[in-house]
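J.: mind looking at a prediction? Sequence and model below.
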Amino acid sequence: MSNPVLVEVTRGQMTESRHRGAIAIFDANGDPVLRIGDTGARVFPRSAIKALQALPLIESGAADALGYEAPELALACSSHNGEERHVNAARVMLIKAGLDEDALECGVQWPSRLEDVASLVRADETPCALHNNCSGKHAGFLGLAKAMGLKTKGYVEADHPVQQEIRLVLESMTGDSLTADVCGTDGCSIPTYASPLDGFARAFAAFGTGEGLEPKRAEAAQRLLKACVENPFMVAGTGRFCTRAMEGLRQRVFVKTGAEGVFCAAIPELGLGIALKCDDGASRASEVMMAAVLEAFLDLNDDEARLLADLRQPVLKSRNNAEVGLIRPAQDFLTDLRRAASVSA
């Protein structure tokens with residue numbers, strides 16, 4: 001099936017571009033609240049499920065054994081900007097595991113922000129694996145390997161016990177069978193498994209509420225969620241959607257983006273899990289889609305409403321800083337969201 005247009009990009013009075021996508025919203029009972037598009041098609045979740053991948057770090061006792069603090073746990077769930085606080089926290093995580101940056105197998109990446117790139121250049125330095133936006137996740141994988149007495153070399157391989165444990169957690173949380181034929185390699189070199197949006201939405205409803213999870217996993221999920229919403233800068237960084245949303249909504253939501261237009265979220269107070277995918281992989285559209293969902297379902301105060309209005313409909317500007325257009329949710333999408341929100345209220 002062809003997914004519907006969910007986001008429009010305007011220029012002047014005309015619609016210039018359109019983004020198609022799919023979205024699944026499930027409740028804590030595992031029942032659908034809203035499905036738009038083909039939510040049963042397999043998609044690679046990429047970094048949107050890092051919080052699920054971090055569950056074994058808590059459940060195994062590794063986080064406590066290594067003395068990881070809440071900001072470090074948030075970094076284990078992050079796709080960060082490579083800012084100084086992110087780099088230093090990843091370095092500390094490795095030190096606590098008795099390792100250094102040479103143990104990271106995520107690859108080297110320049111920081112996301114020009115300011116941080118310029119700082120490296122001025123210092124006559126080059127980026128390292130600590131600047132990789134996935135270095136916190138990888139530091140967590142290495143900490144898990146060390147605490148379990150496993151070899152650290154090759155921890156990114158699909159047959160390494162760390163990745164096998166993560167696969168089992170993902171299967172349990174999504175209810176899906178993750179086999180080699182649906183496995184790809186993520187940008188940071190770990191396995192990524194394609195699965196339906198329905199399963200990811202169910203997983204994050206459970207992640208946010210603990211419903212249907214055994215006590216140990218529910219406790220681990222609550223600890224990671226709390227770490228992220230209380231340390232939103234560590235999850236993304238300056239100016240990023242995930243950080244802005246979790247800061248501005250006062251810890252009411254957990255949101256996490258992934259590459260190629262994927263987003264997952266949990267709204268614990270409503271017992272909802274959300275998973276969405278923009279077909280063409282555009283993050284500008286997936287962010288608008290997620291903001292529209294949060295705006296439709298949450299009871300907002302004035303500050304929260306202003307924040308989500310800005311995130312839901314960002315303004316396009318010329319290089320002379322003049323407003324020339326908007327990125328906005330399609331009207332049919334908004335109608336579907338409002339209808340579903342009124343029914344579930």
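T.: In hand now; what should we look at? Residues are numbered from 1 along each chain as shown.
J.: low-scoring stretches of this structure, by residue?
T.: By pLDDT under 70, the weakly predicted segments of the chain are 1.
J.: all strands of it, in order?
T.: 5-11, 14-26, 32-36, 42-43, 183-185, 191-193, 195-196, 254-258, 262-267, 272-278, 315-317, 323-329 (DSSP state E).
J.: please name the nearest non-neighbouring residue to Ala309.
T.: Once flanking residues are discounted, Ala309 sits nearest to Glu295: 7.3 Å by Cβ to Cβ, 6 or more residues apart in numbering. C-beta coordinates here come from the backbone N, C-alpha and C atoms, glycine included.
J.: surely Tyr68 is in contact with Ile95?
T.: No: the pair Tyr68 / Ile95 is not scored as a contact, 11.4 Å apart, by Cβ atoms under 8 Å.
J.: looking at the two, which is more packed in?
T.: Tyr68 (24 against 12; other Cβ atoms under 10 Å).
J.: contacting residues for that one?
T.: Residues near Tyr68 by Cβ atoms under 8 Å, 6 or more residues apart in numbering: Leu57, Ala76, Met93, Lys96, Gly140, Gly143.
J.: buried residues in stretch 170-182?
T.: For stretch 170-182, burial by neighbour count (16 or more other Cβ atoms under 10 Å) applies to Leu170, Glu171, Ser172, Met173, Thr174, Asp176, Leu178.
J.: to clarify, my last question referred to stretch 188-204.
T.: Using 16+ other Cβ under 10 Å as the test for burial, stretch 188-204 gives 188-193, 195-204.
J.: could you do stretch 98-109 as well?
T.: Neighbour-count burial for stretch 98-109, counted by 16+ other Cβ under 10 Å, picks out Leu99, Glu101, Ala103, Leu104, Glu105, Cys106, Gln109.
J.: please enumerate the helices of the stretch 101-250 of the chain.
T.: Here the stretch 101-250 of the chain has its helices, by DSSP state H, counting those that start in this stretch, at 114-122, 135-147, 161-174, 197-209, 215-230, 232-235, 241-248.
J.: could you dump these into CSV with distance to Ala322 added?
T.: Converted to CSV, the helices of the stretch 101-250 of the chain look like this (distance: least, Cβ to Cβ, whole Å):
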stretch, distance to Ala322
helix 114-122, 22
helix 135-147, 39
helix 161-174, 46
helix 197-209, 38
helix 215-230, 37
helix 232-235, 31
helix 241-248, 24
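J.: Ala266 is nearest to which of those?
T.: helix 197-209 (2.9 Å; Cβ to Cβ).
J.: what's the closest one packed up against?
T.: The contact analysis (3 or more Cβ pairs under 8 Å, 6 or more residues apart in numbering; DSSP states H and E) places helix 197-209 against strand 14-26, strand 32-36, helix 50-53, helix 161-174, helix 215-230, strand 254-258, strand 262-267, strand 272-278.
J.: wait, which of the ones you listed is closest to Glu115?
T.: Of all those, strand 254-258 sits nearest to Glu115, with 20.8 Å by Cβ to Cβ.
J.: Asp159: how many residues sit nearby?
T.: Residues near Asp159, counting by other Cβ under 10 Å, number 8.
J.: er, Ala129 I mean
T.: Using other Cβ under 10 Å, Ala129 has 22 other residues around it.
J.: could I get the phi/psi values of the residue nearest to it when sequence neighbours are not counted?
T.: Spatial nearest neighbour of Ala129, excluding adjacent residues (Cβ to Cβ, 6+ apart): Leu104 at 3.8 Å. Backbone torsions for Leu104, taken as degrees, to the nearest 10, come to phi -70, psi 130.
J.: residue contacts, Leu104?
T.: Leu104 neighbours (Cβ under 8 Å, 6+ apart): Leu94, Ala129, Leu130, Asn132, Ser135, His138, Ala139, Leu142.
J.: how close does it get to Gly140?
T.: Using Cβ to Cβ, to the nearest Å, Leu104 is found at 11 Å from Gly140.
J.: still on that earlier bit, including distance to Asn231, could the buried residues of stretch 98-109 go into CSV?
T.: Shown next, in CSV, are these (distance: Cβ to Cβ, whole Å):
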residue, distance to Asn231
Leu99, 22
Glu101, 22
Ala103, 24
Leu104, 21
Glu105, 25
Cys106, 21
Gln109, 21
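J.: which of the residues you listed lies closest to Ala322?
T.: Gln109 (33.5 Å).
J.: pretty sure that closest one contacts His131?
T.: Yes: with contact taken as Cβ under 8 Å, Gln109 and His131 are classed as touching, separated by 5.5 Å.
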